[in-house]
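**Q** coords please:
(chains A, B, C and D)
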Number of protein chains: 4
Amino acid sequence: MSNYQSLKEECYEANMMLPKLGLVLFTFGNVSAVDREKAVFAIKPSGVPYDILKVEDIVIVDYDARLVEGKLRPSSDTKTHAQLYKNWESIGGITHTHSTYAVAWAQAGLDIPIFGTTHADHTHQDIPCAPVLTDEMIQGDYEFETGNQIFDVFKAKGLSHNEVEMVLLQNHGPFTWGKNAEKSVYNAAVLEEVARMAMLTLQINPDTPRIKDTLRMKHYERKHGKNAYYGQGC
Amino acid sequence: MSNYQSLKEECYEANMMLPKLGLVLFTFGNVSAVDREKAVFAIKPSGVPYDILKVEDIVIVDYDARLVEGKLRPSSDTKTHAQLYKNWESIGGITHTHSTYAVAWAQAGLDIPIFGTTHADHTHQDIPCAPVLTDEMIQGDYEFETGNQIFDVFKAKGLSHNEVEMVLLQNHGPFTWGKNAEKSVYNAAVLEEVARMAMLTLQINPDTPRIKDTLRMKHYERKHGKNAYYGQGC
Amino acid sequence: MSNYQSLKEECYEANMMLPKLGLVLFTFGNVSAVDREKAVFAIKPSGVPYDILKVEDIVIVDYDARLVEGKLRPSSDTKTHAQLYKNWESIGGITHTHSTYAVAWAQAGLDIPIFGTTHADHTHQDIPCAPVLTDEMIQGDYEFETGNQIFDVFKAKGLSHNEVEMVLLQNHGPFTWGKNAEKSVYNAAVLEEVARMAMLTLQINPDTPRIKDTLRMKHYERKHGKNAYYGQGC
Amino acid sequence: MSNYQSLKEECYEANMMLPKLGLVLFTFGNVSAVDREKAVFAIKPSGVPYDILKVEDIVIVDYDARLVEGKLRPSSDTKTHAQLYKNWESIGGITHTHSTYAVAWAQAGLDIPIFGTTHADHTHQDIPCAPVLTDEMIQGDYEFETGNQIFDVFKAKGLSHNEVEMVLLQNHGPFTWGKNAEKSVYNAAVLEEVARMAMLTLQINPDTPRIKDTLRMKHYERKHGKNAYYGQGC
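**A** Numbers count the residues shown, from 1 in each chain, chains lettered A, B, ... in the order given. Below is the predicted model of the structure:
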């Protein structure tokens, strides 16, 4: 039995949530889960359909995306995951999908404006859309540079990855993360719903202003603030 | 066994209709059921996923949202429910969701215009959208004031809560109610469908006028009037 | 056992297709099936949810909507069905729904333009939208007059009910019919899909012209013409 | 037992994927699978519902659409399939559907612009929309000419059917193909999703530019190029 058995299981279970939540067509997505003590993470193998995926197919790699254990090739997006784990020490899981509405915003090249409390319950900022990579980055170490592009947009906008657990890559799609793999998938589903609501809102009223600051922070704080009273406090 | 066993069961069953009807993602919704004799109501605990929710998790509170029975923290929206029960004596159940199309209209900050008989079968008025709360209300007793904001929009528009069993809160989402918890969930599903139809109608014809008065009242009255002949008369 | 047992079963089975095809929310629809020899038709009882509907609940009425057999009140739309059966002798079943996209076009008050072969495979004309009834008709024998309004739009546009088996009622929704109850439900599903495709087509290209005559008639004829070669010829 | 048993089974299994993937309503689609050695292909019989379709119903025809084996009439689109197999020797399976968003683009008469990596992962070009056939072609050997219209648009745009495995027919809908029947169905599902994403993208930002060349080719090549590293290399 693998030294990474429980990590593989966490990764497998989180990956299997993607088709259940309607976030993937065929193999268009992947989830990883990190073990901070061992400094490795588990990730879906590339191109393996969800309905035949098994726990033992999950691949273990380190923060430089080097293979540690596994018979299959890891996700082609592995270096992006590795970059995020290496630089953002507080995160425990990462999800990448091509979910429909999040991709539509990414293709449109726009941040998702914060219009309501469904959005503010999860983050107090617009969901940032990182601009398309430069030709140099694309023709260089593309998936590694994708991670850098995410860091750049967070720096440029002064965002914290602990407060904004999601990003769009222009012309591509979303990455989300969280304290563990399951939470990163949860965030992927929230992002897709928020993206859909924002698109519909603009169809109804193209001049919709953003939610006002007091309500925005009220909802964020009641769920994430010091005196949060949403949930069971665990 | 609890003194409120059957009330908890009614509340539980109504809550479980939300995921079945596609009205909630994760924990984004809650239903309550009132016992008018005992002057208490049962409500979903905060942040508990539907697939692990049990009858005994349901929380009992009074009309001032004070805990009467239960081990878990009640929904963060409990004070809004309490306000509605306290002031509107005829209602027996309340539902709050973040259903997609109702939220889109709430985010757009617009009443849902009455375009057809699907809408008029349930109410003869536009679905009102209560304006966003003042900063004072938001930073004060927010969920309590949300109830007041609902009363205000009903007063300002001269609406009866017995004829219009649904409202949108700007930048937030819908609340619906009815003679019991099940009826309030029914109304939440109707509202979502009416919201979707109205949005699509405006996509096809942005200049669509409202349904004319005779047809509007004909459909409302054949279902709710003195001489109603829809249904089995029970 | 009822003299109308098999008619009731046909009607029941066709009604149960509505929720399966996603064409109804709650009780927003009804199907009827006619027995031309006995000059009666079977129809869903008013307001009975599909998940508790039973064969013996189905109501038998004559072409003047008078009760022939049944303990429950028939659909509130029964007189519209009766009018269609009385005047259009070739039809064997009728379906009424409030399906989302068909209602959106009805609320918009527009005929559904014939944009493609999916539409032309079923009828060679735009789907007509009958204008809203006059106040006199609405305040008079409303459901009876709804039938007359359908006849009027077919006459005004020179349409045959054997070639166009569907209509929209402005501000209300669709009625469809066919050689039997099952075919009328089939047509209700086709109409909903055609309505959705037409709406999306106009979103992509608001200036989309109708399908040209040769292609329109080619597709209609290969399925319905004298030399039809679609299907197994039975 | 038939000489074409395994070919029929491949064809049957691929056809049964269509309802499972939500790509067909009723009988609005068909899949074929070719046997290059025997120079025949298997195709769905015309107008047979998927829920009663059996392996033995599958029809075997040659590249001129002449019946080789089978008791039922083959799909009315058989001659289009035959033309494609006859002229494009590398393809092993063909799918035709009336899937909603692909049809909407076909009805709008527009190529689907390449906006993102979901699209570029599968082809590096806009999805071409072949113009509506001339009256002569429609009134002549229509389904045969449909094949020719596909060849014409590929020639006019300088496309390779090995790189672009999908096409729209104006006012009609999509055809897709691939190395086998299953792959052609896979492509039909990808096309539908890409069509939906492109439509939504333009709703959010009507001025969205195409994806830039470097990113477009990067994604295509990492999956289909000489040094492809997506998937398990099999």
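**Q** Please name the residues that touch the residue of chain A found nearest chain C.
**A** Closest contact between chain A and chain C, by Cβ to the nearest Cβ, is at residue A:203 (9.3 Å). The C-beta positions use only the backbone N, C-alpha and C, and glycine is treated the same way. Going by Cβ atoms under 8 Å, 6 or more residues apart in numbering or on different chains, residue A:203 touches B:104, B:199, B:202-203, D:203.
**Q** do the same with residue A:91
**A** Here residue A:91 is in contact with A:34, A:84-85, A:161, A:165, A:177-179, A:184 (Cβ under 8 Å, 6+ apart).
**Q** Regarding chain A, what is its longest strand?
**A** For chain A, the strand with the greatest residue count under DSSP state E is strand A:29-35.
**Q** follow-up on the earlier one: out of the contacts of residue A:91, which end up buried?
**A** A:34, A:84-85, A:161, A:165, A:177-178, A:184 (16 or more other Cβ atoms under 10 Å in any protein chain shown).
**Q** Using just helix, strand and coil, how would you label the residue of chain A closest to chain C?
**A** helix (DSSP: H, G, I helix; E, B strand; the rest coil).
**Q** Need the per-residue pLDDT for it.
**A** Note on residue A:203: pLDDT of 98.
**Q** what does the one 4 residues further on give?
**A** pLDDT for residue A:207: 97.
**Q** packing partners for the host helix or strand of residue A:104?
**A** Applying DSSP states H and E as the criterion places residue A:104 in helix A:100-108. With contacts defined as 3 or more Cβ pairs under 8 Å, 6 or more residues apart in numbering or on different chains; DSSP states H and E, the packing partners of helix A:100-108 are strand A:166-169, strand A:174-178, helix A:181-204, helix D:181-204.
**Q** Report whether stretch A:117-135 contacts chain D.
**A** Yes: counting by Cβ under 8 Å from any Cβ of the partner chain, chain D is contacted by stretch A:117-135 at A:132-133, A:135.
**Q** Which one of these sits in the busiest neighbourhood?
**A** Within those, neighbour counts (other Cβ atoms under 10 Å in any protein chain shown) peak at residue A:133, which reaches 24 neighbours.
**Q** How about the contacts made by that one?
**A** A:142, A:145-146, A:149, D:215.
**Q** out of those, who's nearest chain B?
**A** residue A:146 (27.5 Å).
**Q** State the phi and psi torsions of that closest one.
**A** phi -60, psi -40 (degrees, to the nearest 10).
**Q** for chain A, what spans make up the strands?
**A** Under DSSP E, chain A gives strands at A:29-35, A:40-43, A:59-62, A:67-69, A:93-97, A:129-130, A:166-169, A:174-178.
**Q** JSON lines please, covering those strands and showing mean pLDDT and distance to chain C.
**A** Output for the strands of chain A, formatted as JSON lines (pLDDT from 0 to 100; distance: least, Cβ to the nearest Cβ, whole Å):
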{"stretch": "strand A:29-35", "mean pLDDT": "98", "distance to chain C": "25"}
{"stretch": "strand A:40-43", "mean pLDDT": "98", "distance to chain C": "37"}
{"stretch": "strand A:59-62", "mean pLDDT": "98", "distance to chain C": "40"}
{"stretch": "strand A:67-69", "mean pLDDT": "98", "distance to chain C": "45"}
{"stretch": "strand A:93-97", "mean pLDDT": "98", "distance to chain C": "23"}
{"stretch": "strand A:129-130", "mean pLDDT": "98", "distance to chain C": "22"}
{"stretch": "strand A:166-169", "mean pLDDT": "98", "distance to chain C": "22"}
{"stretch": "strand A:174-178", "mean pLDDT": "98", "distance to chain C": "23"}
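**Q** Which of those strands sits closest to residue C:233?
**A** Evaluated with Cβ to Cβ, those place strand A:29-35 nearest to residue C:233, the distance being 45.8 Å.
**Q** Can you list the strands that the closest one pairs with?
**A** strand A:40-43 (antiparallel), strand A:93-97 (antiparallel) (DSSP bridges).
**Q** gap between the shortest one and the chain center?
**A** Read that as strand A:40-43. Its chain's C-alpha centre and that of strand A:40-43 lie 15 Å apart, by Cα atoms, centre = their mean, to the nearest Å.
**Q** do the same with stretch A:3-15
**A** 18 Å.
**Q** do that stretch and chain D meet at all?
**A** No: Stretch A:3-15 stays clear of chain D (Cβ under 8 Å from any Cβ), getting no nearer than 16.0 Å.
**Q** Could you list the buried residues of that stretch?
**A** A:4, A:7-8, A:10-12, A:14-15.
**Q** In chain A, which residue is most central in space?
**A** For chain A, residue A:176 is the residue whose C-alpha lies nearest the centre (Cα atoms, centre = their mean; 1.2 Å).
**Q** what's the closest non-adjacent residue to that one?
**A** Once flanking residues are discounted, residue A:176 sits nearest to residue A:187: 3.8 Å by Cβ to Cβ, 6 or more residues apart in numbering or on different chains.
**Q** Now do the contacts for that neighbour.
**A** A:95, A:122, A:165-166, A:176-178.
**Q** need the contact list for the residue in chain A positioned nearest to chain B.
**A** The minimum distance from chain A to chain B, using Cβ to the nearest Cβ, falls at residue A:231 (3.2 Å). Shown in contact with residue A:231 (Cβ under 8 Å, 6+ apart): A:223, B:46-47, B:73.
**Q** Of those - the most surrounded one?
**A** residue B:46 (21 neighbours).
**Q** just checking, it touches residue B:61?
**A** No: between residue B:46 and residue B:61 there is no contact under Cβ atoms under 8 Å: 12.0 Å.
**Q** Show me what the residue nearest to residue A:43 when sequence neighbours are not counted is bridged to.
**A** Nearest non-adjacent residue to residue A:43, counting by Cβ to Cβ, 6+ apart: residue A:32, 4.0 Å away. Under DSSP bridges, the beta-bridge partners of residue A:32 are residue A:43, residue A:94.
**Q** What distance do you get for residue A:32 to residue D:218?
**A** Separation of residue A:32 from residue D:218 (Cβ to Cβ, to the nearest Å) stands at 22 Å.
**Q** ok, those two, which is more surrounded?
**A** residue A:32 (33 against 22).
**Q** From what I see, the more buried one and residue A:83 are in contact.
**A** No: judged on Cβ under 8 Å, residue A:32 makes no contact with residue A:83 at a distance of 11.7 Å.
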